[in-house]
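Visitor: With the sequence up front, the predicted model follows.
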Amino acid sequence: MATNGSNHVNLDRLDLGTITTREVTPEEAGLERWPLADIVGGNAAHNAAALRSLLAGDAFGAYRQIVLLNAAAALNVAGKAQNLRQGAEMADEAIRSGRAHAAFTKLLVTSNR
């Protein structure tokens, strides 16, 4: 999902077995709108640096907001968050606590075996 405006999405609740089609905005998750130009990526090195900065807790603004919005949606779909706001809060806490960085590091180690 994007943080520049409304998103038309199908929300599948795996735990409830339901699919809901609706409009979702960043504000629903407690987040701000950002122009797409503010999250334009770059080459692999640029994008990797942006991800490292985010996982270190140093990235704020548009990049962090779009990650929080999409993580919130994933947590909601998985039934771990009751709504997008709670999911965004959970994702933010995972970043701030270092749990997101630890999980990503574990993924890297496992995938490089």
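Guide: Okay, I see it. Residues are numbered from 1 along each chain as shown.

Visitor: All the strands of this structure, residue numbers only.
Guide: Applying DSSP state E to the chain gives strands spanning 7-13, 18-24.

Visitor: Of those strands, which shows the lowest average pLDDT?
Guide: Mean pLDDT is lowest for strand 7-13 among the strands of the chain, at a mean of 78.

Visitor: quick check, distance from that strand to the centre of its chain.
Guide: 15 Å (C-alpha atoms, centre = their mean, to the nearest Å).

Visitor: And for stretch 81-98?
Guide: 9 Å.

Visitor: Please apply the same query to stretch 89-104.
Guide: Centre to centre, stretch against its chain (C-alpha atoms, centre = their mean), the figure for stretch 89-104 is 11 Å.

Visitor: And for stretch 30-42?
Guide: With C-alpha atoms, centre = their mean, you get 12 Å for stretch 30-42.

Visitor: ditto for stretch 65-84
Guide: With C-alpha atoms, centre = their mean, you get 7 Å for stretch 65-84.

Visitor: Check stretch 62-69 too.
Guide: Using C-alpha atoms, centre = their mean, the offset of stretch 62-69 from its chain centre is 6 Å.

Visitor: now do stretch 19-38
Guide: 11 Å.

Visitor: Residues contacting it, please?
Guide: The contact list for stretch 19-38, computed with C-beta atoms under 8 Å, 6 or more residues apart in numbering, reads 1-13, 61-63, 65-66, 68-69, 72-73, 83-85, 87-89. Where C-beta positions appear, they are placed from N, C-alpha and C, glycine not excepted.

Visitor: hmm, back to that, any idea which of the strands of the chain is most buried?
Guide: Comparing those by mean neighbour count (mean count of other C-beta atoms under 10 Å), strand 7-13 ranks first with a mean of 13.

Visitor: Can you list the strands that that one pairs with?
Guide: Strand 7-13 pairs in its sheet with strand 18-24 (antiparallel), by DSSP bridges.

Visitor: Could you report the separation of residue 25 from residue 72?
Guide: Distance of residue 25 to residue 72, given as C-beta to C-beta, to the nearest Å: 12 Å.
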